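Novice: sequence? don't have it. structure:
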């Protein structure tokens, strides 16, 4: 019997051929749901082309993982494992999950990787209400079972844990130069139209190798890896942490934070649009925010301070603001002293959160193998590695956003209320 | 006072600078709503990158209209009129409107241009429920008023009607080589990754001119216009009328058609996601279809016939199938004779509908001005013009789609039930 | 022993990996010489980016031939044969050979394919003077020998002759949709910046198949093949037969034609630059032309007539002008009657020459295999095939070019002298 | 009278419209000659697409200079000056001038800027022999005269000297972020196919401004300028200082260095091809080198040492090797001790030369203007600026190249002869 195979046209990687377990997984409801989860949340409010979704990114990550496994001449079993892990690595993402990740962590102490794990183990379903009765496609759990693939190994690879002492295997998906980042940098560049993220994938794959059980590059690859690290940094500062995008995220977070349901608001199975739609029934403030986000009627920046402009003393306060309780206290003080209605002022102190949500952002350790097989560390071979670590992202260490009508009064009183 | 101006990065046209009435219009709720209406409906089910929306397309059409007006050295008033018309030309689109257009026309005898007109005249609002109270931005009607722009002229230009005997003005937005088509061909090509739609905009603009009050090209422009016409044709056959995309559209149409609300189902203010979400409450069949669309669990083609394979006799039946009532009758016959449950079989006879929804598809009349100022018609200068008219789109003249489980029985009985 | 392999970065196809006999051939002096033969002759005078050479094109043709052979799952021997033929197919080209081809044919009755054959059989060398003593690399003849490859088969494939009844094998390099054309259309598009030649190679390769021993495409490939045929046509009319490029070619041809060496002027081993340089010593007219070409000081068009503007009667004269002797006679008449110095007037009647030098230009026969394995001809499936045949190239059927100072007098007397 | 204007299609910047003095200059013989001077010398030996010439680069630099002048809203006179200077900035380049620049400086103490100056002042002609009699187009000197443009100011701008206290004017063409570099980085990236040089020109132009008479960028431009600096660095290390390209350059330099003409070998008016051609008559060694370069039969690297692998002591010797006389002495020692024939061994110690030929390579001082108009230096705002200065280019501090047959013996004795 001829095995079914499918060719999917991806604007980034061209034709992607997919068959067997991979094709089954792509058809699984957990993956198809990702069609409705935007990769960059609210970024389209600033970059109108940025509507691409986690589904395309999952497909692209699969493609790169498979290509990498081929380049490294892995055996068929390992190829399958890493490519399956790549397809599945984002299925636990809820709506606007980049945005809501820290809220999730604070309130119920789980993150999207925990949810991914539960879905893979079949402990959880993404179906809402009666959806299941109409959909006969097998779930991810069942598909892995059918193909005799070990669920545990997949979870390990997604978590970046070594299996069978093959460090390189998990590094394909979790390291300074993993294919997850590669795909999102290039893809986000294409859909936003921001040119920083153009990376020479062919060149990168050519220079990859395995050395002492770990992923490494040859000396010829230093240039392309420098390029990747710098592209990542520039994309973070110009797209992911764009001020306006961040404001929309803060508004949504605040709306959910103020939702008074006794139990944690169950929104993780929802799609982006479903979340916004449901928010409307959760109270007047929530309805306001949902409507404003729909029509791009955003809060404005009333105050901001960058790292190079802040005093040491004030920086100490900013550090304290990274604690959510202290931040809420300060917000309430603003509300009370300036007569601002509940929820209409938000303080942002993003640095800690950035490093929690994307710990790879300042990683620059890459193993380089020279002509004689000797190991070097990228950080010793190029000053760009160190520079990447020191480059500030985002542009502000603290920012206050509020409704247009409160903007002036907040601006005038910000420093007084914040720092004294 | 310095006028506010904004630069928006579009992956297609690069930086688009926007100010004055144009910037106000872009911020209007009627335009911002288009962020949630996909340009290509269900095309992302086949081309996973195709999530771009009518907002970006409206912005791109504005850009090209403005550039064209500059090239033609129009005066400021006319420039403003055509650029405003370009921004607004799609605001009447409902969710999946390409898909539901013919249904709309059949049931309540309006189309998206009628709705666009009502919105421009302020006779209608796109706000649902209490949305209005949270959004203070002026509406399109108010903005045009504020800037002293004649609503009537805008509507005329969108409808392709001449104003002040300037045929060229409305032709910028409505003709064989209008900027609406130019933008969507290039844009759809970019986001689907299908290479046919690459067009040399710079070259096109250079060869544009006005001759005897009408839009024309110089002889140097023949090549680029041939390219545009052919690109349009190839995009229609490979993307817009892709079989799988069409099946999803047919499923949605059927779900709405079978909704039993006494008055016409009021979905026109909704976004794509809101429509799917609301459909779930309209009955079991509707809920099934909404869920299947969400998880890409589509009907399958059970039968199809192309123009070159069909007999003259059968073609007569197909012509009759273009009438919706006859089609429904036949569908019911299939249901009854083969024991298929209501709505699970759909007959498609798309040719008439294609020409109603996109009458420009076989237009090839373009005025060409030669070196001595003499008028020629493109159709006399290149055999490609005629070829475009004769090229079949789509690949089938009749197709039957049904649930996987009925596929075989329908395939076996299709000809018998359809043609005898 | 590890075999040497090399990766070459091509702006068109990306990284091209090359090894074994292919790598040896790339290093052969006959191929390296192609670095100095521009693919498009004088096209850079109009499209300043067009300096690419036959070497890159040979490399790209090799790449596509190899990819095609892989897609068709040919055995290693056939893969090697067609890929070697692809590398070597242009080695017989002399300087500006596109330009001088017809002159060559008229004077010594050989063409570049004959010369290619002689080089492959080792009957000829491309070395001039004492060059051989410094270059130790083996020649093409020797390399094929070393690798046990049959010279005869290579020549057959280059000539488009069937070997071992495998029609498809020679069709890869010689047919309506051969890889030679594919590469030059895309490549010329990239370097000229003219967008017509963008072709979806991946898609094309996917739809290729073998049917009844001949190359064919599946029905899915109709769109991409339509695109190839039209791209070719538009590139011919806008680039290859651009008026100014043609004028430079006519000037060079005239200079060589008037060179009075008793034996055929031996320029075939020369590179482009060597030809121009040597021309300077061949007489005053030759020196003038060489200098004018170097500094882009070209003759001007004094008269031209397009197919749609010419009378039936005059067209008969044009047909006669396709004969070189009649053309020379007429040129002399112009010189005598208008006092124009020798060589400063050139009549061009290009149609016959075009079809001799590129017989594929109006070929549109492509075998299409439908779902049931039935053969169809592309010409029956799309009106574009026929349109391609009927599209006029170039823009003129007759043109007279001359020195700026004679322009007016020639323009005024052209019709009189030409047609009466 | 309508002024003539011309549109030229550039693959990098699209359509470039050109008229008036600029069009006259483009037609001047000094500019047309640049069609035969490759931008990257021998780079095509490694990157086969890299045949682009200084003519295209001059055109592109003109385009960017003009766009910059428009963005900065300069008056028409200044616009003309800087755009003329941009067109003309490279006319003094001889064949392979990047390669031969240091030789030129050592032997006759002039560089290409001196020659540019002489051509602009009309003190010099690029015509050889009797070429002048065939070419009637005015020279650069005459054209500037005709249009009343001050030759002196053009020369000042090309030399980077301030005129009328407008520092910003000369900085457009001579500074850390000048348009000369911008154009060549992007252009070289396109033609080599190396992706590092992709730069967002639109974004760059938007952020440019004038502050205190000097060119500056706004804070929004930091990202794009970081990108430019890094792109330049990566292009230098992967393309401009590619080992194989360098070897070809060293061979040519050696051939000229060993030419025994009593007076300085007059090759500056020659084109690339003319130089190689003429070299053949200058002696046996010269003929060998010319032939080997034509057929890409290059010397090989026998020994190399990178900065991170060399001892402090040996580095002192390397420093001494930067002196040409000491280098020749060492080469002779190799020849004598190892029996190598004259000219067949070349020592390269490139660091000093690199900084002489491209002093901008480690410049990173860019003025940044913040929201309140305060001046900052880029070097204080991003760690990438400093990293660019510290990044090593090229990969070796010393390299020895020789004929294949001497490779082993040189490799075995290199350290001994070099360092003891």
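Specialist: Okay, I see it. Predicted model only: the values in this text are computed from it and were never measured.
Novice: buried residues in stretch A:219-227?
Specialist: By neighbour count on 16 or more other Cβ atoms under 10 Å in any protein chain shown, the buried set for stretch A:219-227 is A:221-227. In this view, the C-beta of every residue, glycine as well, is placed from N, C-alpha and C.
Novice: Dump those into JSON lines; add secondary structure, pLDDT and distance to residue A:242 as well.
Specialist: Output for these, formatted as JSON lines (DSSP: H, G, I helix; E, B strand; the rest coil; pLDDT from 0 to 100; distance: Cβ to Cβ, whole Å):
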{"residue": "A:221", "secondary structure": "helix", "pLDDT": "92", "distance to residue A:242": "31"}
{"residue": "A:222", "secondary structure": "helix", "pLDDT": "93", "distance to residue A:242": "30"}
{"residue": "A:223", "secondary structure": "helix", "pLDDT": "92", "distance to residue A:242": "28"}
{"residue": "A:224", "secondary structure": "helix", "pLDDT": "94", "distance to residue A:242": "26"}
{"residue": "A:225", "secondary structure": "helix", "pLDDT": "94", "distance to residue A:242": "26"}
{"residue": "A:226", "secondary structure": "helix", "pLDDT": "93", "distance to residue A:242": "24"}
{"residue": "A:227", "secondary structure": "helix", "pLDDT": "93", "distance to residue A:242": "22"}
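Novice: Those also near chain D: which ones?
Specialist: A:223, A:226-227 (Cβ under 8 Å from any Cβ of the partner chain).
Novice: Please report how far residue A:389 lies from chain C.
Specialist: Taking Cβ to the nearest Cβ, to the nearest Å as the measure, residue A:389 falls 31 Å from chain C.
Novice: Quick check: closest non-adjacent residue to that residue.
Specialist: residue A:362 (4.7 Å; Cβ to Cβ, 6 or more residues apart in numbering or on different chains).
Novice: Near the one you found, how many other residues are there?
Specialist: Residue A:362: 17 surrounding residues under other Cβ atoms under 10 Å in any protein chain shown.
Novice: same question, residue A:136
Specialist: For residue A:136, the count of nearby residues is 11 (other Cβ under 10 Å).
Novice: Give the helix, strand or coil label for residue A:346.
Specialist: When classified by DSSP: H, G, I helix; E, B strand; the rest coil, residue A:346 comes out as strand.
Novice: Tell me who's in contact with the residue lying closest to it once chain neighbours are set aside.
Specialist: Distances taken as Cβ to Cβ, 6+ apart place residue A:250 nearest to residue A:346, at 4.7 Å, with adjacent residues excluded. Residues in contact with residue A:250 (Cβ atoms under 8 Å, 6 or more residues apart in numbering or on different chains) are A:299, A:346, A:348, A:401.
Novice: Doesn't residue A:250 belong to a helix?
Specialist: Yes - assessed by three-state DSSP, residue A:250 belongs to a helix.
Novice: And the pLDDT for it?
Specialist: With respect to pLDDT, residue A:250 has a value of 94.
Novice: distance of it from chain B?
Specialist: Distance from residue A:250 to chain B, by Cβ to the nearest Cβ: 17 Å.
Novice: Now render the buried residues of stretch A:219-227 as TSV, adding distance to chain C.
Specialist: Converted to TSV, the buried residues of stretch A:219-227 look like this (distance: Cβ to the nearest Cβ, whole Å):
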residue	distance to chain C
A:221	13
A:222	17
A:223	13
A:224	12
A:225	17
A:226	18
A:227	15
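Novice: Can you tell me which of those is closest to chain D?
Specialist: residue A:223 (5.1 Å; Cβ to the nearest Cβ).
Novice: wait, what's in contact with the closest one?
Specialist: D:196, D:234, D:237-238.
Novice: any idea which of the residues you listed has the most stuff around it?
Specialist: residue D:196 (28 neighbours).
Novice: Surely that one is in contact with residue D:189?
Specialist: Yes - contact criterion Cβ atoms under 8 Å: residue D:196 and residue D:189 qualify, at 6.3 Å.
Novice: hey, what's in contact with both of these two?
Specialist: Joint contacts of residue D:196 and residue D:189 (Cβ under 8 Å, 6+ apart) are D:231, D:235.
Novice: Next one: the residue nearest to residue A:346 from residue A:256, what distance?
Specialist: Distance, residue A:250 to residue A:256, using Cβ to Cβ, to the nearest Å: 11 Å.
Novice: what does residue A:202 give?
Specialist: 43 Å.
Novice: so of the contacts of residue A:223, which ones are in helices?
Specialist: Within the contacts of residue A:223, residues falling in helices by DSSP state H are residue D:234.
Novice: which one of residue A:202 and residue A:256 has more residues nearby?
Specialist: Remark: of residue A:202 and residue A:256, residue A:256 carries more neighbours, 22 against 15, as counted by other Cβ under 10 Å.
Novice: Contacts only, for that one.
Specialist: Applying Cβ under 8 Å, 6+ apart, we find residue A:256 in contact with A:100, A:103, A:265, A:267, A:279, A:286.
Novice: Would you mind confirming that residue A:409 is in contact with residue A:335?
Specialist: No - contact status for residue A:409 versus residue A:335: not in contact, 11.6 Å apart, counting by Cβ under 8 Å.
Novice: which helix is the longest one in chain A?
Specialist: helix A:54-71.
Novice: which bits of the stretch 201-350 of chain A sit near chain C?
Specialist: A:202-203, A:206.
Novice: pLDDT, secondary structure and distance to residue D:182 added to these, as TSV?
Specialist: Formatted as TSV, those follow (pLDDT from 0 to 100; DSSP: H, G, I helix; E, B strand; the rest coil; distance: Cβ to Cβ, whole Å):
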residue	pLDDT	secondary structure	distance to residue D:182
A:202	92	helix	26
A:203	92	helix	23
A:206	93	helix	29
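Novice: re the thing from before, I'd like to know which of the contacts of residue A:256 are buried.
Specialist: A:100, A:103, A:265, A:267, A:279, A:286.
Novice: list the contacts for the last one?
Specialist: The one in question is residue A:286. By Cβ under 8 Å, 6+ apart, the residues touching residue A:286 are A:255-256, A:258-259, A:279-280.
Novice: of all these, which comes closest to residue B:310?
Specialist: Minimum distance to residue B:310 across those is 50.4 Å, recorded for residue A:280 (Cβ to Cβ).
Novice: And the closest one, what's its pLDDT?
Specialist: Note on residue A:280: pLDDT of 88.
Novice: Please name the residues that touch residue A:131.
Specialist: B:291, B:294-295.
Novice: Please go through those and note which also touch chain D.
Specialist: Among these, chain D is touched by none when using Cβ under 8 Å from any Cβ.
Novice: In helices only, show me the residues you listed.
Specialist: Among these, the members falling in helices (DSSP H) are B:291, B:294.
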